[in-house]
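Chemist: Coordinates for the following, if possible.
(chains A, B, C and D)
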2 protein chains.
Amino acid sequence: MGKDTRERIVFAAMRLFAEKGYGSTSVADILQAAGVNSGSLYYFFPGKQDVLLAVLEAYRSGIEPMLLRPAWGDVADPVERVFALLASYRNRLLATECQYGCPIGSIALELHEPDPVVRELLRVNFEGWVGAVEGCLAEAGARLPVGLDRRALAIFCLTTMEGGVMLSRTERSIAGFDSAVAMLRDYVGRLQAAVNPGHSRERGGTC
Amino acid sequence: MGKDTRERIVFAAMRLFAEKGYGSTSVADILQAAGVNSGSLYYFFPGKQDVLLAVLEAYRSGIEPMLLRPAWGDVADPVERVFALLASYRNRLLATECQYGCPIGSIALELHEPDPVVRELLRVNFEGWVGAVEGCLAEAGARLPVGLDRRALAIFCLTTMEGGVMLSRTERSIAGFDSAVAMLRDYVGRLQAAVNPGHSRERGGTC
DNA sequence: GTCTATAACCCGATAGAC
DNA sequence: GTCTATCGGGTTATAGAC
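Modeler: Numbering: from 1, shown residues only, chains lettered A, B, ... in the order given. Below you'll find the predicted structure:
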């Protein structure tokens, strides 16, 4: 059951890295969680960092089926899909008492001088996220100002999510995340109103 | 020179924690950087975590003199002060080839289950930052919509900075940070324009 | 207050039988 | 492919002289 063992290792590491971080997760932790022995792990992976690479690759290939599809299952509107994606992070925070947010962001800030290959995989994960949101914003077409830099707005959505997760995790309260997302929604509402002034804007008591 | 020794330890630890992170900085690293011996450190501090507490306390008490005053030295306008503060983080990124951003944010995401006293000091640091920005936004008075939740907008500024730093550090490029801040500036410009439609808005080619 | 030496432990990784 | 046993090294923290 070689393939199965390798998958159990990656799955266990994915969970542990998200819960405790990369540095605070020992190889022994992974072995115990996966129910395998040292020899098996080092048969499949040259070292601990290569387990991290496999985990980051799993996240990358899981963006569509594991993240976007569940978040967008019942949401067709492209703009609402952006906020449905943010809501999925909110749910994750709520489900863990604001302890776990975005594993990619945590690893990105935990590793200060990451191996270039690790950093590249982090970048690719962010790019996949931003690209998906940018696609939604492109799909929104003329509902947003034609000259709007949709990639920059997609990046803005990412920073809102990551910053909100950071704050909520620190405060163990969803309030910071909600405040940031509310401001983003107000901004997007104003962008839409700039194109279609007749449309009633989403309000959060900001006027 | 007791006080001097303690200060050297805290100063060295502040620098190392920012550069390598808390977990990746060993007590031996701190001893070497501070030019002291093990016995001295453990004379002043019960353990490594207590050094972190002193570092976080130093950051907290340094917000005004070390962060805000330099960033705001030649900026009087309250709204521009917000962006001057963000620009100081941009400068920090540029000065370190996008390697170091916000040390508080890095520590906040690095420690997954921090001791409550550590988490509280992280929270207090964020609160000091948000409070200062909220003060600027309050000072802006009627230039912003009267019903605007200025605390929420201040939190939004923090998430923009922290998220932008995360992205720029990962990509070793200032582009992500700049994109996020440009969107924030566009948003603030639209908020101001909503109050004073005659005023020309800051443009970033978004219309 | 500061020094040196070291205890006690955990880490990632390896060896070699099976 | 998987197992057990273990190596070599780095970790935080302590002991005890000065």
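
Chemist: Helices along chain A, start to end?
Modeler: A:2-20, A:27-34, A:38-44, A:48-62, A:69-72, A:78-95, A:103-110, A:116-139, A:150-171, A:175-195 (DSSP state H).

Chemist: Please identify which of these is closest to B:Asp29.
Modeler: In terms of Cβ to Cβ, the element of these nearest to B:Asp29 is helix A:103-110, at 17.1 Å. Bear in mind the C-beta positions are built from the backbone N, C-alpha and C, glycine included.

Chemist: and that closest one, is it in reach of chain B?
Modeler: Yes. Using Cβ under 8 Å from any Cβ of the partner chain, helix A:103-110 reaches chain B at A:Gly105, A:Ser106, A:Ala108, A:Leu109, A:Glu110.

Chemist: do stretch A:13-24 as well
Modeler: Yes. Stretch A:13-24 is in contact with chain B by Cβ under 8 Å from any Cβ, via A:Glu19, A:Lys20, A:Gly21, A:Gly23, A:Ser24.

Chemist: Can you name the two of those residues that sit furthest apart?
Modeler: So, the residues of stretch A:13-24 next to chain B by Cβ to Cβ: farthest apart are A:Glu19 and A:Gly23, at 12.8 Å.

Chemist: which one of the residues of stretch A:13-24 next to chain B has the most neighbours?
Modeler: Highest neighbour count within these: A:Gly21, with 21 neighbours (other Cβ atoms under 10 Å in any protein chain shown).

Chemist: nearest spatial neighbour of that residue, skipping sequence neighbours?
Modeler: B:His112 (4.9 Å; Cβ to Cβ, 6 or more residues apart in numbering or on different chains).

Chemist: cool, and A:Leu121?
Modeler: Per Cβ to Cβ, 6+ apart, closest to A:Leu121 is A:Leu56, 4.0 Å.

Chemist: cool, A:Glu171 as well?
Modeler: B:Arg123 is the one closest to A:Glu171 (Cβ to Cβ, 6+ apart), at 5.5 Å.

Chemist: which other helices and strands contact the helix or strand bottoming out on mean pLDDT in chain A?
Modeler: Across the helices and strands of chain A, mean pLDDT, DSSP states H and E gives its lowest value to helix A:2-20, namely a mean of 95. Applying 3 or more Cβ pairs under 8 Å, 6 or more residues apart in numbering or on different chains; DSSP states H and E, one finds that helix A:2-20 contacts helix A:27-34, helix A:38-44, helix A:48-62, helix A:103-110.

Chemist: what's the pLDDT at A:Pro65?
Modeler: pLDDT recorded at A:Pro65 is 98.

Chemist: Quickly note the distance from it to B:Val165.
Modeler: 30 Å (Cβ to Cβ, to the nearest Å).

Chemist: now swap in A:Gly105 and tell me
Modeler: Counting by Cβ to Cβ, the gap from A:Gly105 to B:Val165 is 11 Å.

Chemist: Dump stretch A:165-184 to PDB, keeping only the CA atoms.
Modeler: Written as PDB, here are the backbone C-alpha positions of stretch A:165-184 (Å, rounded to 0.1, in the frame of the first residue of the first chain):
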ATOM      1  CA  VAL A 165      -7.800  36.000   9.700                       C
ATOM      2  CA  MET A 166      -4.700  37.300  11.400                       C
ATOM      3  CA  LEU A 167      -6.600  39.700  13.500                       C
ATOM      4  CA  SER A 168      -9.400  37.300  14.400                       C
ATOM      5  CA  ARG A 169      -7.000  34.500  15.300                       C
ATOM      6  CA  THR A 170      -5.100  36.900  17.600                       C
ATOM      7  CA  GLU A 171      -8.200  38.200  19.200                       C
ATOM      8  CA  ARG A 172     -10.000  34.900  19.200                       C
ATOM      9  CA  SER A 173     -13.000  36.800  17.900                       C
ATOM     10  CA  ILE A 174     -14.600  37.000  14.500                       C
ATOM     11  CA  ALA A 175     -15.200  40.700  14.900                       C
ATOM     12  CA  GLY A 176     -12.000  41.900  13.100                       C
ATOM     13  CA  PHE A 177     -12.600  39.600  10.200                       C
ATOM     14  CA  ASP A 178     -16.200  40.800   9.900                       C
ATOM     15  CA  SER A 179     -15.200  44.400  10.000                       C
ATOM     16  CA  ALA A 180     -12.700  44.100   7.300                       C
ATOM     17  CA  VAL A 181     -15.000  42.100   5.000                       C
ATOM     18  CA  ALA A 182     -17.800  44.600   5.700                       C
ATOM     19  CA  MET A 183     -15.500  47.400   4.500                       C
ATOM     20  CA  LEU A 184     -14.600  45.400   1.400                       C
END
